[in-house]
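Asks: got a predicted structure here, sequence first:
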Amino acid sequence: MRTFAALVGLACTALLATGCQPETVCPAIAQAPVVALTVAREYTASVQTLRLKACQDGRCTEAELELFPGSTTVDQGCEPGPHGKDRPCSATASPDGTLTGMLMLDPLTESPIEASVSGTDAGGLALPVRSLTFTPRVAYPYGRQCGRFISAGVLLDADGLRQAA
């Protein structure tokens, strides 16, 4: 009987100890394997069409990009809550004059990407071909325990093509 009581006591202690461990909750967010291209606001009037080619790890993908108006995020703040805790926060998107497009590159890895952009200007004439080799950025926005996010973005302006900040 003492052995049984000791086992029950040990089991209860183990359950309490495991119940007090910090739990890591990771958001269920999927990452799109894309190379994002942004046309700078000052250069958008010079662009009619763009074609992006991206090569990584011996695989190349190329497509004419569908361009959409770009935007920036505007923080609308948080409502104060009781006892100093914040209530839900919000933000909104505001047009910023840029154009954006995306090219699927599956799988997207940490290896360098060779990108080249061609296209036509507003008058239908060929734009100069711009090329860049860059390394995608790796971040752990929710902590290392939640996995990494790889982002690949480029910015096109009158001076050429460069990695987006």
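Replies: Looks like it arrived, so ask away.
Asks: note down every partner strand of the strand ranked longest in the chain and its orientation.
Replies: The single longest strand within the chain, with elements called by DSSP state E, is strand 86-104. Using DSSP bridges, strand 86-104 pairs in its sheet with strand 34-39 (antiparallel), strand 68-80 (antiparallel).
Asks: and those, which is most packed in?
Replies: strand 34-39 (a mean of 21; mean count of other Cβ atoms under 10 Å). In short, each C-beta sits where N, CA and C put it, glycine included.
Asks: for that strand, what is the distance to the chain centroid?
Replies: Computed by Cα atoms, centre = their mean, to the nearest Å, the separation of strand 34-39 from the middle of its chain amounts to 11 Å.
Asks: and what of stretch 25-32?
Replies: 11 Å.
Asks: tell me the mean pLDDT for that stretch?
Replies: Mean per-residue pLDDT for stretch 25-32: 88.
Asks: can you give me the first-to-last residue distance of that stretch?
Replies: Length of stretch 25-32, first residue to last, Cα to Cα, to the nearest Å: 21 Å.
Asks: and what of stretch 145-162?
Replies: So stretch 145-162: terminal residues 31 Å apart, Cα to Cα.
Asks: this structure: helices as residue ranges?
Replies: Taking DSSP state H, the helices of the chain run over residues 2-19.
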